[in-house]
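In: Prediction below, plus the sequence it came from.
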Amino acid sequence: MPELPEVETMRRGIEPHILNETIITIIVRERRLRWPVSKQFDAQAPGSKVQQVQRRSKYLLVYTSKGCIILHLGMSGSLRILDVNTPAEKHDHVDIVFSNNKIIRFRDPRRFGSVFWTRADPLKHKLLIKLGPEPLDEIFCPELLFKKSRGRKQNIKTFIMNSQIVVGVGNIYACESLFLAGIHPTTAAGKISKKRLEILVETIKDVLNKAIKKGGTTLKDFTQADGNPGYFAQSLNVYGRESEPCNVCKKPVKKITQCQRSTFYCPACQR
DNA sequence: ACATTGACCTGGGAGC
DNA sequence: TGCTCCCAGGTCAATG
């Protein structure tokens, strides 16, 4: 469900509500997420005070005085800030209750999301330690992409979705950035010129930045932390537009499958 | 080292 | 109306 812009939007929406607030209690209704929610979480987190809310890749990091809560929303997860007495509904798996009578409510029908609690550095967590560079960081640059892609036969679309290469480029924005770069999604990563990779790095940064500015893409059940939907969906060029005319050349957008994921592209504009 | 596939889950929409 | 099938924004572990 959420890609990097949605998670960043979520982070910005949530932080002001909980900064400097104390966690009163943790309510776990369902521990069976992508990984089981540990009992240390609800045992140890209460009494801790929120110091900052950060993001690494698509993980939200809630740093507190006693440890860090690591949240991932998977495909169908959402977080909302609610009043403490709002009744829980189906799939509302975890509540974090704060001293200002607000709660963060984690809902996730498909349970691909995860919630961790760690007293160590969250960036050293097993699932975060191997992550590649942030796409909006200057470390993610054409030289790096060029170097990492040489000798790779994998198609460029799957390649840029590999979190060891660069994090935060999910299915939507992989399709969109390749469209804007004019690169055909099936091209072998290792055969793309440095010049074209320069453009690709630029379009990845652009598309993510623009989506963050617009508050994330609206798709199905995505809502921002305050419950208002984002509105980036209307500016998608190819994603979800199979058979519809390309915004540039009017030829029909094509849909193919790569690595078991749908890829949308314009066969005329992307070579 | 690299590349691909299966797996984890539920809900919504299409088609019959 | 109701059933079945297919699809979905992620990403890890296992397998070639």
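Out: Received the coordinates, thanks.
In: can you list the residues of chain A near DNA strand B?
Out: By CB under 7 Å from any atom of the strand, the residues of chain A that approach DNA strand B are A:32, A:34, A:76, A:90-91, A:109-112, A:151-155, A:158-159, A:189-190, A:259-260. For the C-beta atoms, the positions are set from N, CA and C on the backbone; glycine is no exception.
In: Any chance of a ChimeraX selection covering the buried ones in these?
Out: To isolate the buried members of those in ChimeraX, using 16 or more other CB atoms under 10 Å:
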select /A:34,76,91,109,111,152,154,155,158,159,189
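In: Which ones among the residues of chain A next to DNA strand B also lie next to DNA strand C?
Out: Restricting those to those near DNA strand C by CB under 7 Å from any atom of the strand leaves A:34, A:110, A:112, A:260.
In: what about the nearest residue to residue A:98 once chain neighbours are set aside, how many neighbours?
Out: Once flanking residues are discounted, residue A:98 sits nearest to residue A:21: 4.2 Å by CB to CB, 6 or more residues apart in numbering. Neighbours of residue A:21 under the rule other CB atoms under 10 Å: 17.
In: any idea how far DNA strand B is from residue A:21?
Out: For residue A:21, the distance to DNA strand B (CB to the nearest atom of the strand, to the nearest Å) stands at 31 Å.
In: and that residue, what pLDDT?
Out: With respect to pLDDT, residue A:21 has a value of 98.
In: go on, the one 3 residues further on?
Out: Residue A:24 is assigned a pLDDT of 98 by the prediction.
In: And chain A, split by domain according to the record?
Out: As assigned by automatic domain parsing, chain A contains the domains A:4-124, A:142-265.
In: who's in contact with residue A:181?
Out: Neighbouring residues of residue A:181 by CB atoms under 8 Å, 6 or more residues apart in numbering: A:196, A:199-200, A:202-203.
In: Tabulate the ones next to DNA strand C among the residues of chain A next to DNA strand B (CSV), appending secondary structure.
Out: Formatted as CSV, those follow (DSSP: H, G, I helix; E, B strand; the rest coil):
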residue, secondary structure
A:34, coil
A:110, coil
A:112, coil
A:260, coil
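In: Can you tell me which of the contacts of residue A:181 has the most neighbours?
Out: Counting neighbours by other CB under 10 Å, the top entry in the contacts of residue A:181 is residue A:200, with 22 neighbours.
In: For it, identify the helix or strand it belongs to.
Out: Residue A:200 belongs to helix A:194-213 when assigned by DSSP states H and E.
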